[in-house]
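Visitor: Need the 3D shape of this:
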Amino acid sequence: MTYQVRPLGPGDQQLAWELGSLAFGYREQPMPEGWTSDSAGRRTLGVFDPAGRMVAKAVDREQGQWFGGRVVPTSGVAGVAAAAESRGRGLGRLVLTRLLQGARERGAVISTLFDTTPMPYRALGWEEVGALVYYRVPSRVLAEIRFDARTTLRPATTADIPAVHEIYREVARAGTGMMERSGPAFGATATQLLADYHGFTVAVDDTGTIVGYASWDRGPGYDSNGKLSVDDLIGLTPEATRTLLAMLGGWASVAPTTLIRLGAADPVWSLLARSDAKPESTQPWMLRVVDAPGAVAARGWPRHLTGEVDLELTDDVCPWHQGRHRLVLSGGTGRLEPGGAGTVRLTPRGLASWYAGAATPQQLRRSGFLTGGDAGTDELLRTATAGPEPTLHDYF
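Guide: All right, here's what the predicted structure looks like:
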């Protein structure tokens, strides 16, 4: 059977809603008036059978993620679905391969996604590199944390949001994989952002400077089921972090549980016993390199690391960067030049894990994702992407 793969038009939106609502379990909801799968920063590809029925789809989100202190142009893949009767026929591979081609043409050099199951995406070169995790913490534990006397809290106003964005960006810039919260996919106004939460609190130091914030929702009830859900709690100072956590502890009598989204190395852990925080939900995320030379040029690298490694990349899904390259690192920049001896061979999943700093060369070798090279090439590759664990605080 011959399938057509194309961007959606205005007449395809109902079909996209029906396919997505069935796949993701909200079929009973009517399509909202004016809903569209495509919006600023989103482009949906549909697969159509000869009868014109949409049998698969996927969304390419235009976004950026921080690696090595720089924003890397990214294709965020979302809304991947296939009709039940058409699964197992390679339609996912068809639409995602075409999506990667289009993403590269518009300038994306890596792709990330949240997977419900990793296997189909691993077959196409994505690999799990991190997870978005909410932890369940007894609010009484937070109630034992003391406020800092020189740090005050108040509800955020729209005038505070630029400072809030800069606080987040300072943390994201120093991390690995964090989303850049600007661009077409993050078009909410300050008023809309504040309206998205029951509470949006800023921490202010004794000079009047905003040094932290927390965005949170208060769940229903005030019995043993009461809870707070915290999306962001970011303090630039230990005093701000401690005071924001103490505020959450103040809800202990009516919201005994706090759910808080944390990365593996978040400073909040310095104030919590790991045994007090249990994972409530874990959503793994995956990465794939779409354009290897572009990806190497886009991210930052250790400024004091200088060296070269000859690589050979295998990739039948993104064949444009297959073959031999020389990785050259110097002064915080990197480039991937054509040629070289192909000393170290990387599969697409190996390249993704290494690029994200999610695995060492030794781990990749044990997984079968990296072959060749020696202790010297291993050390350079390990040092090149060593750093904070890959972390995301935004689901898409």
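
Visitor: What are the boundaries of the helices in the stretch 251-396 of the chain?
Guide: Along the stretch 251-396 of the chain, the stretches classed as helices by DSSP state H, counting those that start in this stretch are 292-298, 348-356, 361-367, 375-384.

Visitor: Report the mean confidence score over the last one.
Guide: Right, helix 375-384. Helix 375-384 comes out with an average pLDDT of 98.

Visitor: Next: stretch 114-133.
Guide: Regarding stretch 114-133, the rounded mean pLDDT is 97.

Visitor: got a list of contacts for it?
Guide: Outside of stretch 114-133, the residues within contact range by C-beta atoms under 8 Å, 6 or more residues apart in numbering are 78, 92-93, 96-97, 111, 113, 177, 261-262, 279, 281-289, 315, 317-318, 347-350, 352-353, 356, 358, 369, 389-396. For the C-beta atoms, the positions are set from N, CA and C on the backbone; glycine is no exception.

Visitor: among these, which ones are buried?
Guide: Neighbour-count burial within those applies to 78, 92, 96-97, 111, 113, 177, 261-262, 284-289, 315, 317-318, 347-350, 352-353, 356, 358, 369, 389-394, 396; the criterion is 16 or more other C-beta atoms under 10 Å.

Visitor: Could you tell me which of those are located in strands?
Guide: 78, 111, 113, 261, 284-289 (DSSP state E).

Visitor: and the two most separated of those residues?
Guide: Pairwise distances across those (C-beta to C-beta) peak at 26.5 Å, for the pair 261 and 289.

Visitor: so what secondary structure elements neighbour the lowest-mean-pLDDT helix or strand in the chain?
Guide: Lowest mean confidence among the helices and strands of the chain (mean pLDDT, DSSP states H and E): helix 13-24, at a mean of 94. Where contact means 3 or more C-beta pairs under 8 Å, 6 or more residues apart in numbering; DSSP states H and E, helix 13-24 is packed against strand 42-48, strand 54-67, strand 70-82.

Visitor: what angle separates it from strand 70-82?
Guide: Helix 13-24 and strand 70-82 are oriented at 90 degrees to each other (axes from the mean of the first three to the mean of the last three C-alpha atoms, to 10 degrees).

Visitor: Show residues contacting helix 13-24.
Guide: With contacts defined as C-beta under 8 Å, 6+ apart, helix 13-24 is touched by 8, 27, 29, 31, 35-37, 44, 46, 53-57, 79, 81-84.

Visitor: run the last query once more with 6 Å
Guide: 8, 27, 31, 36-37, 54, 57, 79, 81 (C-beta atoms under 6 Å, 6 or more residues apart in numbering).

Visitor: Between those, which sits nearest residue 173?
Guide: Residue 173 lies nearest to residue 79 out of the contacts of helix 13-24, by C-beta to C-beta, at 28.8 Å.

Visitor: looking at it, that closest one is touching residue 59, isn't it?
Guide: Yes - counting by C-beta atoms under 6 Å, residue 79 does reach residue 59; the two are 4.1 Å apart.

Visitor: So these two - more neighbours on which side?
Guide: Between residue 79 and residue 59, counted using other C-beta atoms under 10 Å, the more crowded position is residue 59 (24 against 18).

Visitor: Name whatever forms a beta bridge with the more buried one.
Guide: Here residue 59 sits in beta bridges with residue 44, residue 78, going by DSSP bridges.

Visitor: what about it, distance to residue 269?
Guide: From residue 59 across to residue 269, the span is 34 Å (C-beta to C-beta, to the nearest Å).

Visitor: Sticking with residue 94, tell me its helix or strand.
Guide: helix 91-105 (DSSP states H and E).

Visitor: Against which helices or strands is that helix packed?
Guide: strand 42-48, strand 54-67, strand 70-82 (3 or more C-beta pairs under 6 Å, 6 or more residues apart in numbering; DSSP states H and E).

Visitor: list the helices and strands the second one packs on?
Guide: Where contact means 3+ C-beta pairs under 6 Å, 6+ apart, strand 54-67 is packed against helix 13-24, strand 42-48, strand 70-82, helix 91-105.

Visitor: what's in contact with it?
Guide: For strand 54-67, the surrounding residues in contact (C-beta under 6 Å, 6+ apart) are 15-16, 19, 41-49, 71-76, 78-83, 86, 91, 95-96, 99, 103, 172-173, 177-180, 184-185, 299, 396.

Visitor: neighbours of the residue lying closest to residue 330 once chain neighbours are set aside, just the number please.
Guide: Of all residues not flanking residue 330 in the chain, residue 306 sits nearest, at 4.8 Å (C-beta to C-beta, 6 or more residues apart in numbering). Neighbours of residue 306 under the rule other C-beta under 10 Å: 12.
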